[in-house]
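S.K.: below: sequence and its predicted model.
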Amino acid sequence: MEVDIKEFKTSVASEVDAQRQQLRELSLKIHSNPELGFNEVKAAAWLTQYLEENGFTVERGSCEIPTAFQASYGKGKPVVAILAEYDALPKLGHACGHNLIAPCSVGAGVASKPAIDQFGGSVRIIGTPAEEIYGGKAIMAVRGAFDNLDAVMMVHPGVYNSATSRTIAREAVEVEFFGKAAHASVSPEMGINALEAMIQSFNAINSLRQHIKDKARIHGIITDGGAAANIVPEHSAGTFLVRAEDDDYLEELKEKVINCFAGAATATGARLEYKWEDIRYAAMHNNMTLARLFKQNLESVGRKVHLSDPIKSFGSSDIGNVSQQAPSIQGFVAIAPEDVLFHTPEFAKVAASEAGFRGLVDAAKALAMTVVDLVTNPKVVIKIQDEFRK
Ligand SMILES: [Zn+2]
Ligand SMILES: [Zn+2]
């Protein structure tokens, strides 16, 4: 059986090679037509069309999100999901390489078909819009998109090969101060300065920052700082992100951050209003049983792969919310040297390069081979579930 499975993996890998031309075209088309979160109309249309042409049953507009989709092949358990992201960034286009993620996932799904035909189970490609700005997966998680899945996988392009990723919990808050306008020179004593309240908030947060846990982050911008230099600003506004390694500490930190704003309001006499975003990006729980399978498979196509994310830095992603609903991994595949940073024009360039495309193909092969592992080995599926329940 061992030999058969190895042979089977080689054959699904060649199914990825057979799609090279189509996958390259898809990735380049999405790259040159960047669409922002929830507006990924073209990308969703191209991807679902490709899946339909390849025998998948497609549901468009899943979870009442027009650019989300689910495409299934096969029946019954195990249900293996592969997630596709295809949103771009404002101004920078595909500077996070999501144009590679979607074709990789779609290619892996199509390549898995012979395994499903032979061994049963099903593979589901879930199109998850708006990772960058709105946390599309967090919304889809609440609406049940990831219920009853036996395994969830996706691969993000990056600067090293890894079977897992490290992401931390995150919540955003919109803050406003309301003061009182006055001539800034003629009658400053009549004014209440909303901008000063915002500046004091930044200073209080800067002081707080030396006394927070290692992996926590607080950062913000001012979105309204007043209308003119000769008017005492009657209104100021800002957006802040608060991040922490786990949900409990995030709650604690959120309260401390609000105290910074409240203190500034008291000090200046401005009135504070704030609203936490509905969506929280949850911290990632990597399923290590699933990660080990994926690592072996990505290594078998000739890459050196870290089991754990080797870089000490971390952001937040809505894949964390998925990992709370089902056993999940988000791997990374190297497409650029380590000095190329995410969300830069340089990363957008490599996302359309030969190295980017090689990453797409290798990752798709490893994903499809992991589907083979899952549909041929019920014991490992149980082990993945057991780890998830812990
Ligand atoms: Zn990004
Ligand atoms: Zn990304």
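M.R.: On my side now, so go ahead. Residues are numbered from 1 along each chain as shown. Ligands and ions are numbered 1, 2, ... in the order given.
S.K.: quick one, helices of the protein?
M.R.: In the chain, the helices defined using DSSP state H lie at 2-18, 20-32, 41-53, 98-111, 113-119, 136-142, 194-209, 247-268, 288-300, 319-323, 345-350, 354-376, 378-389.
S.K.: weakest of these in terms of mean pLDDT?
M.R.: Sorting those by mean pLDDT places helix 2-18 lowest, at a mean of 90.
S.K.: now do that helix against helix 288-300, angle only.
M.R.: Relative orientation of helix 2-18 versus helix 288-300 (axes from the mean of the first three to the mean of the last three C-alpha atoms, to 10 degrees): 70 degrees.
S.K.: quick check: buried residues in helix 2-18?
M.R.: 5, 8-9, 12-13, 15-16 (16 or more other C-beta atoms under 10 Å). To be clear about C-beta, it is placed using only N, CA and C from the backbone, and glycine gets the same treatment.
S.K.: before we move on, what about stretch 345-360?
M.R.: Buried-residue list, stretch 345-360, by 16+ other C-beta under 10 Å: 347-352, 356-357, 359-360.
S.K.: which residues are contacting that stretch?
M.R.: With contacts defined as C-beta atoms under 8 Å, 6 or more residues apart in numbering, stretch 345-360 is touched by 23-24, 27-28, 31-32, 92-97, 99-100, 103-104, 107, 157, 333-336, 340-341.
S.K.: now stretch 55-67
M.R.: Under C-beta under 8 Å, 6+ apart, the answer for stretch 55-67 is 38-41, 43-44, 48, 51-52, 68-73, 109-110, 113, 125-127, 129-130, 136, 139-140, 143-145.
S.K.: tally of neighbours for Tyr249?
M.R.: The tally of other residues near Tyr249 (other C-beta atoms under 10 Å) stands at 18.
S.K.: so how far is Ala283 from it?
M.R.: Look at Tyr249 and Ala283: by C-beta to C-beta, to the nearest Å, they are 10 Å apart.
S.K.: output stretch 333-346 in PDB with nothing but the alpha carbons.
M.R.: This file holds the C-alpha atoms of stretch 333-346, laid out as PDB (Å, rounded to 0.1, in the frame of the first residue of the first chain):
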ATOM      1  CA  VAL A 333       6.100  28.700   0.100                       C
ATOM      2  CA  ALA A 334       9.200  30.800  -0.800                       C
ATOM      3  CA  ILE A 335       9.000  32.900  -3.900                       C
ATOM      4  CA  ALA A 336      11.500  35.700  -3.000                       C
ATOM      5  CA  PRO A 337      14.700  36.300  -0.900                       C
ATOM      6  CA  GLU A 338      14.200  37.100   2.700                       C
ATOM      7  CA  ASP A 339      14.800  40.900   2.300                       C
ATOM      8  CA  VAL A 340      11.600  41.200   0.100                       C
ATOM      9  CA  LEU A 341       8.900  42.400   2.400                       C
ATOM     10  CA  PHE A 342       5.100  41.700   2.200                       C
ATOM     11  CA  HIS A 343       2.900  44.600   1.100                       C
ATOM     12  CA  THR A 344       5.600  46.300  -1.000                       C
ATOM     13  CA  PRO A 345       5.900  47.000  -4.700                       C
ATOM     14  CA  GLU A 346       8.800  44.400  -4.800                       C
END
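S.K.: so what's the gap between that stretch and the chain middle?
M.R.: 16 Å (C-alpha atoms, centre = their mean, to the nearest Å).
S.K.: in that stretch, what counts as buried?
M.R.: In stretch 333-346, counting by 16+ other C-beta under 10 Å, buried: 333-336, 342.
S.K.: the buried residues of helix 2-18: which two are farthest apart?
M.R.: Of all pairs drawn from the buried residues of helix 2-18, the greatest distance, 17.0 Å, lies between Ile5 and Val16 (C-beta to C-beta).
S.K.: got a list of what Gly269 touches?
M.R.: Contacts for Gly269 (C-beta under 8 Å, 6+ apart) come out as 179, 192.
S.K.: switch the cut-off to 10 Å
M.R.: 177, 179-180, 191-194, 196-197 (C-beta atoms under 10 Å, 6 or more residues apart in numbering).
S.K.: same question for Leu36.
M.R.: Shown in contact with Leu36 (C-beta under 10 Å, 6+ apart): 87-90, 129-130, 132-134.
S.K.: for the buried residues of stretch 345-360, which one is nearest Phe294?
M.R.: The nearest member of these to Phe294, counting by C-beta to C-beta, is Gly359 at 14.4 Å.
S.K.: ok, the closest one to Cys104 distance?
M.R.: 8 Å.
S.K.: could you count how many residues lie near Ser32?
M.R.: Counted with other C-beta under 10 Å, Ser32 comes out at 11.
S.K.: return the residues in contact with it.
M.R.: Contact partners of Ser32, counting by C-beta under 10 Å, 6+ apart, are 93-94, 99, 352.
S.K.: for those, give me a markdown table that also has distance to Val173.
M.R.: Compiled in a markdown table, those are given as follows (distance: C-beta to C-beta, whole Å):
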| residue | distance to Val173 |
| --- | --- |
| Gly93 | 28 |
| His94 | 29 |
| Asn99 | 31 |
| Ala352 | 36 |
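S.K.: re earlier: ok, which pair from the contacts of Leu36 is furthest apart?
M.R.: Largest separation among the contacts of Leu36 by C-beta to C-beta: Pro90 and Pro129, giving 15.0 Å.
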